[in-house]
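[1] Here is my input, please return the structure:
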Amino acid sequence: MMARIISLLLGVWIASYSYAGSRDDLAVALIPDSLLAGAHSIVRSADYTLDIKDVAHAEFTVHRVVTVIDAAGADELTIYIPYSKYRKIKDIHSATYDYAGRQINKHQSYEMEDFAMVTDALYSDERVKYLRTSGGSYPVTIDVTTVMLLEGIMDYPDWQIQGIGEAVQQSSYTVSAPSPRMVRYRAYHSTLTPEVSTDMKTNKTLYQWSVAGLRQQAVPVSSYSSRYFLPRIDFAPSEFEIDGYKGSLTTWSSFAGAIAAMWQDKKTLTPEIKAEILGLVKNTHTDHEKVAILYAYLQHNFHYVSIQMGIGGIIPFDATTVHRSRYGDCKALSNYMSAILEVAGVRSYPVLINSGERTDAIDTTFPGNKFDHVILYVISDGEPQWLECTSTAMEPGLLGTFTENRYGLTIAPDGRLIRTPSSAAERSRLVISHDISMPKDADVSINASVDICGEYRLGGMEHLIGGKENDQLSYLFKYLSIRRPEQVALAGPVDSAGHITLSFHGLSTHVYDFQNGSKFFLPSTYIARWYANLSSDTSARYNLLLGFPNDKSEVLTYHLAPGDVSLPPDADLDNVLLSFHRQSIKAADNTVTVHTELKMKVHVLHYSDIALMKRSLQQVSKSLQQRVVYTVLD
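    All right, here's what the predicted structure looks like:
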């Protein structure tokens, strides 16, 4: 009997020890069913506190408790905290709990991995604290607290109220500021307004937002990033101070002027360098000629490196240093290009811009430091011309979907917002010809040529020019979707005058899609995929992001023995979204040529145009599926 009592007491002791630190309030059973529907994670509570000390200093505390329902929400179990000279870590601690709220483990800052945020940066003090927590089986809850010291401020942390696949049980954001004039805010996809009060102890102004009971929201996968669809509140200081540099963010012009002052004297070049630049353009007669020569000089002689060290992440190296070192980041290369254009008598301005193919446009009515990249705006023969100075493959005037069709801020004392142009389909061309001979008793012989420019050339430089044969074959037959012969031999490729050209010879036992007796059904195109399918129906109320505007054309020639031939019908379609033209010709010697061209004109497809695009692509698809029908004579 005594042994049984001891055993029971030991079991109670073990159970109480195992569940030390347990929190009954985190039991998954307490989550409302309405929040569980469709969610991969539930924010049980999230409290953000921004305590502004002065214009250059603040403390930012985040306490998040999140229940991960399944593997699709597992990113929440990874703690990823960037830090730098300007954002220092004061504290990080975490704990995880099982479905009943019993503690599984806990971690402190010293247990986390520490590595450089940008691994290929030449200079960088931007680092990351990282920990992949172990939560056992789902559902599991993670409780994380981080405290950051902001020392040198150009922006404040935004409040992303909700993430992808995430429901919110409770969340709040509190700002404490010495003066109400120090902080500005703007709500997106939310009608939340703050409660404003005064802290009687510190005499600071308090702004407090809170929200509860948000169900998860579906976010489109072929449109802008989740920020464009989910509720958030952006914050921005009215004045900033960083490393002794001060400025105003109340207007775009004041911010541009402040950055211009920080960049002052960075375009300085020695007399010897100026003489070298003038020698490069001595035989030119127009600004466009000067831009083309100097841009090619930049692309062939300088290379991009990331520089994120202290104020060097904001202010570029001076132009003389870049000239001598032959490298720079986006700021340094754009500033250098502007400096040498100035020597050549061509006016230009570096432009701050937010980059990314899925990045939505900045709010032009809410000035703030929302930029992450620099490009160059050039006035060439009185006309605007844009340069991406980090690219070794872009042609002058081509930006691509990375920075096209959005607002940037010119860095000048009187700087202003300026919109980058949309890409023209004609700037990114893919031209393919196939010449196919079909002897009666031998393999089919295929001779093809390929010519690409614009954004096609960007990938081509890496895979065709810089890649090995496997890379080249993959680019041709997977990325460009050209039908691959059974045997293939490449010739080239050659990069010249903004175009990459190559040819290949192939052999196949046959090229027909199918056969019915003496009748052969031959494909009317050797491009397997002309466009990407639309993933949204016509009821969508959001814009879609397509690939870059492009112009594809193909000339397909069959040399056929005597026989009857039925040609696919001609097609002609042209609207604001695309144009498609197809013509088939049969010569007297039974040579058949099919000319096909598809021009995709837009990158951003407005939701009101989805129905038109779908109808247009259906017509294109129907035409492309038509075949050349060849009947062999007995």
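[2] Can you pull the phi/psi pair for Thr320?
    Geometry field for Thr320 lists phi and psi as phi -60, psi -40, criterion degrees, to the nearest 10.
[3] how many other residues sit next to it?
    For Thr320, the neighbour count with other CB atoms under 10 Å is 17. C-beta coordinates here come from the backbone N, C-alpha and C atoms, glycine included.
[4] Please report how far it lies from Pro350.
    17 Å (CB to CB, to the nearest Å).
[5] same deal with Tyr48?
    Counting by CB to CB, the gap from Tyr48 to Pro350 is 34 Å.
[6] Determine how far the last residue of stretch 459-474 lies from the first.
    11 Å (CA to CA, to the nearest Å).
[7] What are the buried residues along that stretch?
    Gly459, Gly460, Met461, His463, Leu464, Ile465, Gly467, Gln472, Leu473 (16 or more other CB atoms under 10 Å).
[8] Touching, Pro157 and Phe60? I think so.
    Yes - checked against CB atoms under 8 Å, the pair Pro157 and Phe60 is within contact range at 5.6 Å.
[9] ok, the most centrally placed residue in the chain - contacts?
    Nearest to the mean C-alpha position of the chain, counting by CA atoms, centre = their mean, stands Gly356 at 3.1 Å. Shown in contact with Gly356 (CB atoms under 8 Å, 6 or more residues apart in numbering): Ser225, Phe402.
[10] try the one 5 residues further on
    In this structure, Ala361 makes contact with Arg406, Tyr407, judged by CB under 8 Å, 6+ apart.
[11] Send me the top strand by length along the chain as PDB with only the CA atoms.
    Counting residues, the longest strand found in the chain (DSSP state E) is strand 41-54. Taking C-alpha atoms only, strand 41-54 is exported to PDB below (Å, rounded to 0.1, in the frame of the first residue of the first chain):
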ATOM      1  CA  SER A  41      -2.600  30.400 -37.700                       C
ATOM      2  CA  ILE A  42      -4.400  32.400 -35.100                       C
ATOM      3  CA  VAL A  43      -3.000  35.500 -33.500                       C
ATOM      4  CA  ARG A  44      -4.200  35.000 -29.900                       C
ATOM      5  CA  SER A  45      -2.700  38.300 -28.900                       C
ATOM      6  CA  ALA A  46      -0.300  40.800 -30.500                       C
ATOM      7  CA  ASP A  47       0.700  44.000 -28.800                       C
ATOM      8  CA  TYR A  48       3.100  46.500 -30.400                       C
ATOM      9  CA  THR A  49       4.500  49.500 -28.500                       C
ATOM     10  CA  LEU A  50       6.500  52.200 -30.100                       C
ATOM     11  CA  ASP A  51       7.900  54.500 -27.400                       C
ATOM     12  CA  ILE A  52       9.500  57.600 -29.200                       C
ATOM     13  CA  LYS A  53      12.100  59.200 -27.000                       C
ATOM     14  CA  ASP A  54      13.100  62.000 -29.400                       C
END
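[12] Low-confidence ranges, the chain, go.
    For the chain, residues meeting the criterion pLDDT under 70 lie at 1-20, 117-124, 135, 307-313, 536.
[13] where along it do the helices fall?
    The residue ranges that make up the helices of the chain, judged by DSSP state H, are 2-18, 33-36, 252-262, 271-280, 287-301, 319-325, 330-343, 455-460, 469-474, 610-624.
[14] right, so those: which one is the most enclosed?
    Scoring these by mean neighbour count under mean count of other CB atoms under 10 Å gives helix 330-343 as the most buried, with a mean of 25.
[15] Tell me how far that one lies from the chain's centre.
    When C-alpha coordinates are averaged (CA atoms, centre = their mean, to the nearest Å), helix 330-343 and its chain have centres 25 Å apart.
[16] which helices and strands sit right next to that helix?
    Under the contact criterion of 3 or more CB pairs under 8 Å, 6 or more residues apart in numbering; DSSP states H and E, the helices and strands touching helix 330-343 comprise helix 271-280, helix 287-301, helix 319-325, strand 347-353, strand 373-380.
[17] Relative to Ser518, tell me which of those wins on proximity.
    Using CB to CB as the criterion, the shortest distance between Ser518 and these is 56.0 Å, found for helix 287-301.
[18] and the closest one, how far out from the chain's middle?
    Offset of helix 287-301 from its chain centre (CA atoms, centre = their mean): 27 Å.
[19] and if you look at stretch 252-264?
    Its chain's C-alpha centre and that of stretch 252-264 lie 26 Å apart, by CA atoms, centre = their mean.
[20] again, but for stretch 554-566
    Worked out by CA atoms, centre = their mean, stretch 554-566 lies 44 Å from the chain centre.
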